[in-house]
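>>> the sequence and its predicted three-dimensional model are supplied below.
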Amino acid sequence: MKIGLGTVQFGVDYGVSNKDGKTPAAEVAAILAAADELKVRVLDTASLYGDSEQVLGNCLPAAAGFDIVTKTPQFAKPVLDADDAERLQQVFHESLTKLNCDSVYGLLIHRADDLFVSGGERLMAALTGLKQQGLVAKIGVSVYDSAQIDQILQRFDIDLVQLPISVLDQRLLVSGHLQKLKSAGVEVHARSVFLQGLLLMDVSEIPAYFAPVRHVLESYHSFVRARGLTPLQAAVGFVSGLTEIDQIICGVNNAQQLRDICDAANVELDCGEFAGFAIGAEAIVNPALWRLEPGKS
């Protein structure tokens, strides 16, 4: 199964189209049971996702063999020292306690730019140490753009990267960085495949912030309907069809949504047909830059 489960909704309210808020613990347990049944392997979380790690630790089925990927704290400092590397390790051990497990599949640097400041190499050295202790199987970085990927591959030996890609955000596909990562033997996990639900929303409900690209979204939805697809099948099928992508991290609010996503991933699409819907503007394809006005659309 190429679908992985994102768990940020388990710890905080998340997503431009999310009207349900934080997922209740009982629903989390139902989602994890469905994930086990559907052969979903990867669970993605982070120390910064509210109490997501603790919720997972409380709800994980004892016999389920999920591969958990978590992330480091963010530092956002001009210089990093030994105390910061020690804090990274301390927070990681707290993550293991919350997750109620002895080790995890992956540990990612949450803020890639932390690696590029003076002393940033201390963070990667800390990750390498945790890997050598057998506490982490794969170490890597969560990135936003091609420049970060280039710097990381030049300076560090990583196993895993998480990156954004979607029908609208094809930057790393077009630039050749997906292929570059695969050639370097790096496992690639995709995120933001729905752009926080934007690709699944009815065009009439799209927030005013996206008015400059409304015509692209209208054209995209017309294309999807003409192909006899649902928006979910198109969004998941596009990323699933990219051979460079190993896992597609998707967040859900209930078990049925996870079942629907796994079903949609079975649709085989010609990814080249979606090239015309790519948008280069980072202010549109990077949710961290969105400036939405609550309550307005």
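Arrived safely, thanks for sending.

>>> the protein: strands as residue ranges?
For the chain, the strands defined by DSSP state E occupy 3-6, 42-44, 67-71, 104-109, 136-142, 160-164, 187-191, 247-251.

>>> for these, which one sits closest to A33?
Within the strands of the chain, the stretch nearest A33 is strand 3-6; the backing value is 11.7 Å (C-beta to C-beta). For every residue, glycine as well, the C-beta is placed using N, CA and C.

>>> partners of that closest one in the sheet?
When sheet partners are counted by DSSP bridges, strand 3-6 sits next to strand 42-44 (parallel), strand 247-251 (parallel).

>>> closest to R291 out of these?
Of all those, it is strand 247-251 that lies closest to R291, at 21.7 Å by C-beta to C-beta.

>>> now the closest one against strand 104-109, angle please.
Orientation of strand 247-251 against strand 104-109 (axes from the mean of the first three to the mean of the last three C-alpha atoms, to 10 degrees) gives an angle of 80 degrees.

>>> what does strand 247-251 contact?
By C-beta atoms under 8 Å, 6 or more residues apart in numbering, the surrounding residues in contact with strand 247-251 are 2-9, 14-15, 41-42, 44, 162, 187-191, 193-194, 236, 239-240, 258, 261, 265.

>>> off-centre distance for it?
6 Å (C-alpha atoms, centre = their mean, to the nearest Å).

>>> next one: stretch 142-157
Its chain's C-alpha centre and that of stretch 142-157 lie 16 Å apart, by C-alpha atoms, centre = their mean.

>>> dump the strands of the chain to JSON lines, plus mean pLDDT and mean neighbour count.
Output for the strands of the chain, formatted as JSON lines (pLDDT from 0 to 100; neighbours: other C-beta atoms under 10 Å):
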{"stretch": "strand 3-6", "mean pLDDT": "96", "mean neighbour count": "25"}
{"stretch": "strand 42-44", "mean pLDDT": "97", "mean neighbour count": "25"}
{"stretch": "strand 67-71", "mean pLDDT": "97", "mean neighbour count": "24"}
{"stretch": "strand 104-109", "mean pLDDT": "98", "mean neighbour count": "24"}
{"stretch": "strand 136-142", "mean pLDDT": "98", "mean neighbour count": "22"}
{"stretch": "strand 160-164", "mean pLDDT": "98", "mean neighbour count": "24"}
{"stretch": "strand 187-191", "mean pLDDT": "98", "mean neighbour count": "21"}
{"stretch": "strand 247-251", "mean pLDDT": "96", "mean neighbour count": "24"}
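
>>> need the ones you listed in CSV (columns: distance to A126).
Output for these, formatted as CSV (distance: least, C-beta to C-beta, whole Å):
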stretch, distance to A126
strand 3-6, 25
strand 42-44, 20
strand 67-71, 13
strand 104-109, 10
strand 136-142, 10
strand 160-164, 16
strand 187-191, 20
strand 247-251, 24
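
>>> closest to A35 out of these?
Evaluated with C-beta to C-beta, the strands of the chain place strand 3-6 nearest to A35, the distance being 5.3 Å.
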